[in-house]
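[1] Here you go, sequence then predicted model.
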Amino acid sequence: MIVHIEAPMPFAKPQEAIDFLEKHPQIQHIEVFIIDPNGIPRGKLLHRQEIMSMYHYGRPLPSTILGLTVQGDDVENNGLAWEVGDADCTAYPIAGGLSLQTWRTKPTAQVHLAMHPEAGMPAAMADPRLVLANVIERLKADGLYPVMAAELEFFLLDERPDANGRPQPAIHKDGHRPSHTQVYGIFELEQLQPFLDDLYHACEVQGIPARTAISEYAPGQVEITLEHRADALQAIDEAVRYKRLVKGVAAKHGYKACFMAKPFGDKAGSGMHMHVSLADADGNNLFASDDPQGTPLLPQAIAGMMATLEDAQLLFCPNANSFRRFQSSSYAPIAKTWGVNNRTVSFRVPGGPASSRHIEHRICGADANPYLAAAAILAACHHGIEQNLSPGTAITGNGYEGDHPTLPTDWLSALGNFERSDWIKQVLGSDFHRIYTKLKRAEYHQFMAEVGAQDWHWYLTHA
């Protein structure tokens with residue numbers, strides 16, 4: 001028997017699907033996806049006739065869908081697999097999550113899902129979107145309304161590796177494969193115009209506020225900024241859809257969009273810069289001040305980020321490769337530092353008019369799950385404000401110089417800090433903490449057990 005559960009907001013109402021299907025009679029297939037703890041979209045391809053039932057009653061998904069490693073393997077003893085018989089857990093479409101996939105060869109739509117807090121159990125414990133939603137609600141209860149935006153860097157790679165099996169930048173429309181850094185290069189953007197035209201069109205169709213495009217610090221590296229949203233959850237929903245969209249449009253053009261933190265050892269890495277401010281219930285920026293350092297709330301929020309950085313770094317740098325990005329003079333931060341209009345620090349207060357005052361969190365790799373990164377950042381802001389913390393003196397000049405507390409530089413240290421963190425358990429939930437720890441422990445052991453080219457290069461002859 002099907003039980004009709006009245007899904008609370010922000011789940012979508014059935015009328016959203018009715019209107020969409022009437023407007024797009026050509027759509028026969030709908031991709032439904034949910035974002036797992038690694039930030040990977042997982043789901044199914046449904047037929048048109050199945051969509052209305054999902055909007056009324058939800059869609060059952062296996063509990064293991066939110067407990068898989070980055071390789072797609074089950075994790076033992078995480079409470080989502082054998083212990084619960086891989087139970088069905090009910091997910092619902094989120095409001096505004098139904099849109100066209102313009103890059104498909106046949107007309108296809110997509111629906112962004114999230115677990116229902118009750119009917120989605122036990123998988124709901126591991127749903128990154130619910131983790132973020134809970135953090136936002138606690139801020140709102142104290143009269144703090146987070147405003148956020150994400151900047152994501154990525155590489156456009158050739159679908160084919162080079163002669164040595166390594167990834168290589170995609171060939172431009174003039175037949176040239178870029179090999180040198182041309183940061184802010186206009187010619188490089190012009191060469192990508194067919195791809196960028198399709199990308200901006202897809203963003204427009206999906207309602208994603210894509211803005212400035214930049215040729216970044218490595219051959220084939222691109223950044224496109226997303227506009228700030230007064231609804232932080234909406235901003236992060238759009239960020240994860242944007243990643244899905246970029247990969248789809250890239251594949252259409254014969255490219256591979258790569259969001260690894262450090263795909264090339266001798267080139268710049270890819271970051272995800274998270275922009276955050278706090279508003280009151282009327283939308284007034286609580287950081288706004290003629291002082292470039294903002295109101296007292298702004299440095300308090302930064303101090304909270306500093307105080308909780310070791311606990312949360314696994315969420316900002318979730319993979320072994322994430323830590324290869326942290327190198328001096330690389331525009332990736334390496335210390336607990338903050339400053340005004342300074343890109344050498346971890347927590348930057350950009351310049352601009354008083355009304356725009358906000359924090360740019362520069363630690364995350366592009367491989368971080370935007371939901372979890374945002375949840376940790378906002379919870380840290382809340383902590384700093386509640387505890388009236390101070391971040392110390394703002395850095396002027398080169399933030400890579402001087403004696404500053406440094407960030408953990410390896411995956412295992414970050415994993416251990418996360419596992420021992422009572423603060424993470426408190427603000428993100430003990431069940432999520434347990435599941436994510438087991439997930440990342442499993443990935444760590446699997447990664448370290450593999451023997452590859454670097455081992456052979458270092459040790460085959462000389463060990």
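    Sure, I can see it.
[2] alpha carbons only for contacts and neighbour counts from here, please
    Noted.
[3] which residues touch the residue nearest the centre of the chain?
    To find the centre residue of the chain, average its C-alpha atoms and take the closest one (C-alpha atoms, centre = their mean): that gives Pro370, at 2.2 Å. By C-alpha atoms under 8 Å, 6 or more residues apart in numbering, the residues touching Pro370 are 39, 236, 239-240.
[4] Doesn't Leu139 lie inside a helix?
    Yes: counting by DSSP: H, G, I helix; E, B strand; the rest coil, Leu139 is found in a helix.
[5] From Arg129, how far off is the residue nearest to the centre of the chain?
    9 Å (C-alpha to C-alpha, to the nearest Å).
[6] ok, now Thr295?
    Look at Thr295 and Arg129: by C-alpha to C-alpha, they are 30 Å apart.
[7] neighbour-wise, which of those two wins?
    Set Thr295 next to Arg129 and count neighbours by other C-alpha atoms under 10 Å: Arg129 wins out with 25 against 17.
[8] Am I right that the more buried one sits in a helix?
    Yes: secondary structure of Arg129 (three-state DSSP): part of a helix.
[9] Let me know the pLDDT of the closest residue to it other than its chain neighbours.
    Spatially, and ignoring its direct neighbours in sequence, Arg129 is nearest to Tyr371 (5.7 Å; C-alpha to C-alpha, 6 or more residues apart in numbering). Model confidence at Tyr371, given as pLDDT, is 98.
[10] Just to check, Tyr371 is in contact with Leu132?
    Yes: here Tyr371 reaches Leu132: they are 5.9 Å apart, a contact under C-alpha atoms under 8 Å.
[11] More neighbours: these two, which one.
    Counted by other C-alpha under 10 Å, Tyr371 and Leu132 do not tie: Tyr371 has more neighbours, with 28 against 25.
[12] That one belongs to a helix, doesn't it?
    Yes: with three-state DSSP as the criterion, Tyr371 is located in a helix.
[13] Now do it against Leu315, distance only.
    Look at Tyr371 and Leu315: by C-alpha to C-alpha, they are 9 Å apart.
[14] repeat for Glu227
    Distance from Glu227 to Leu315, counting by C-alpha to C-alpha: 23 Å.
[15] Do a quick rundown of the helices in the stretch 101-250 of the chain.
    In the stretch 101-250 of the chain, the helices defined using DSSP state H, counting those that start in this stretch lie at 128-141, 186-191, 193-206, 232-252.
[16] ranking those by burial, who's on top?
    Across the helices of the stretch 101-250 of the chain, the average number of neighbours (mean count of other C-alpha atoms under 10 Å) peaks for helix 232-252, which reaches a mean of 21.
[17] ok, back up a step: okay, the contacts of Pro370 in JSON lines with distance to Phe155 and pLDDT next?
    As requested, the contacts of Pro370 are exported to JSON lines (distance: C-alpha to C-alpha, whole Å; pLDDT from 0 to 100):
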{"residue": "Gly39", "distance to Phe155": "18", "pLDDT": "98"}
{"residue": "Ile236", "distance to Phe155": "21", "pLDDT": "98"}
{"residue": "Ala239", "distance to Phe155": "17", "pLDDT": "98"}
{"residue": "Val240", "distance to Phe155": "17", "pLDDT": "97"}
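[18] Kindly reformat those as TSV and extend each row with distance to Leu278.
    Shown next, in TSV, are these (distance: C-alpha to C-alpha, whole Å):
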residue	distance to Leu278
Gly39	25
Ile236	15
Ala239	19
Val240	22
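[19] and of these, the nearest to Gly207?
    Nearest to Gly207 among the contacts of Pro370: Ala239, at 11.4 Å, using C-alpha to C-alpha.
[20] so the closest one makes contact with Glu153?
    No: counting by C-alpha under 8 Å, Ala239 stays clear of Glu153, with 11.8 Å between them.
[21] what about the residue lying closest to Leu226 once chain neighbours are set aside, neighbour count?
    With C-alpha to C-alpha, 6+ apart as the criterion, Leu226 has its nearest non-adjacent residue at 4.7 Å, and that residue is Ala210. When neighbours are counted by other C-alpha under 10 Å, Ala210 registers 20.
[22] Quick one, grab the pLDDT at Ala210.
    In this prediction, Ala210 carries a pLDDT score of 94.
[23] Help me confirm that it comes into contact with Cys203.
    Yes: when contacts are counted by C-alpha under 8 Å, Ala210 is listed as touching Cys203 (6.4 Å).
[24] Leaving out the residues flanking it, which one is nearest to Gly429?
    Excluding the flanking residues, the one nearest Gly429 by C-alpha to C-alpha, 6+ apart is Val131, at 7.7 Å.
[25] Tell me who's in contact with the residue nearest to Leu226.
    Ala210 makes contact with 200, 203-204, 224-227 under the criterion C-alpha under 8 Å, 6+ apart.
[26] With pLDDT as extra columns, can I get those in TSV?
    Converted to TSV, these look like this (pLDDT from 0 to 100):
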residue	pLDDT
Tyr200	95
Cys203	97
Glu204	97
Ile224	91
Thr225	92
Leu226	95
Glu227	94
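[27] In TSV: the residues you listed, plus distance to Leu192.
    Below are the contacts of Ala210 laid out as TSV (distance: C-alpha to C-alpha, whole Å):
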residue	distance to Leu192
Tyr200	12
Cys203	16
Glu204	18
Ile224	13
Thr225	16
Leu226	19
Glu227	22
